[in-house]
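[1] Got a sequence here, can you build the structure:
(one chain, ligands or ions: 1)
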Amino acid sequence: MASVLIIFGSTGGNTELVCDEVSQILSETKHKVTVQRAEKSIPSDIKKYNYCILAGSTYGQGLLQEDINKFIKQCSPNDFLKRKFAIIGLGDNKYNTEYVIESAKILEKTVTENGGILISPTLRINKTPVVYIETTIKTWAENLSKQLK
Ligand SMILES: Cc1cc2nc3c(=O)[nH]c(=O)nc-3n(C[C@H](O)[C@H](O)[C@H](O)COP(=O)(O)O)c2cc1C
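    Below you'll find the model as predicted:
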């Protein structure tokens, strides 16, 4: 059983929904999961858990959602170094065809450039996540669960 912290930034609730679904599946597969809003998180939370999932949506032509953006800006390289992460990114190509789900790329870059380890392919959700709950999201969480020790 692993301990997992999910930190998310969500303006309209879509990312929160995805994180809750992922949390449920990881919990069902016997992991200990905590889901936290980015605005209620502090960088030192990361090291209290075996794994951290960072999740956020995309706004403003390819920018990271503001709460998770503020959170990662508060972090220092040491908060990422050698720690294990997975990323969830949301977006919608109707808002911007050039910067689709840019949040995923920004979060991946933040982790890897600071020496963190990505333990799974990133979960990318284009448009409403509701239709992906039983498919893409479930499969991703089940696969992730198998990686956790
Ligand atoms: C004003 C606005 C700007 C957006 N800009 C982008 C964007 O540049 N790229 C993208 O992929 N999605 C963009 N989106 C789509 C959101 O990322 C998407 O709706 C996401 O599911 C919202 O997640 P949340 O409810 O967790 O905040 C934008 C949405 C809004 C309302």
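[2] The residue of the chain found nearest the ligand: how many residues sit nearby?
    Among the residues of the chain, Gly91 lies closest to the ligand, at 2.3 Å counting by CB to the nearest ligand atom. Quick note: C-beta positions are derived from backbone N, CA and C, even for glycine. Neighbour count for Gly91, taken as other CB atoms under 10 Å: 23.
[3] and it, what does it touch?
    Gly91 is in contact with 57-58, 99-104, 124-126, counting by CB atoms under 8 Å, 6 or more residues apart in numbering.
[4] close to the ligand, is stretch 11-26?
    Yes. Using CB under 6 Å from any ligand atom, we find that stretch 11-26 touches the ligand at 11-15.
[5] Could you pull up phi and psi at Gly91?
    The main-chain torsion angles of Gly91 are listed as degrees, to the nearest 10 and equal phi -170, psi -170.
[6] Okay, the closest residue to it other than its chain neighbours and Ile125: tell me how far apart.
    Leaving aside its sequence neighbours, Gly91 sits nearest to Ile101 (CB to CB, 6 or more residues apart in numbering; 3.5 Å). Distance check for Ile101 against Ile125: by CB to CB, to the nearest Å, it reads 7 Å.
[7] higher neighbour count, those two?
    Set side by side, Ile101 and Ile125 give different neighbour counts by other CB under 10 Å, the larger being at Ile125 (25 against 20).
[8] and Val4, how many residues sit next to it?
    The burial metric for Val4, expressed as a neighbour count using other CB under 10 Å, is 24.
[9] Check whether it sits in a helix, strand or coil.
    strand (DSSP: H, G, I helix; E, B strand; the rest coil).
[10] what residues does this structure put near the ligand?
    Residues of the chain lying near the ligand (CB under 6 Å from any ligand atom): 10-15, 57-62, 65, 90-92, 95-96, 99-102.
[11] Could you rerun that using 8 Å?
    Where the chain comes near the ligand, counting by CB under 8 Å from any ligand atom, the residues are 8-18, 56-63, 65, 90-96, 99-103, 125-129.
[12] Buried ones among those?
    Members of the residues of the chain next to the ligand that pass the buried threshold by neighbour count (16 or more other CB atoms under 10 Å) are listed as 8-10, 14-18, 56-59, 62, 65, 90-91, 96, 99-103, 125, 129.
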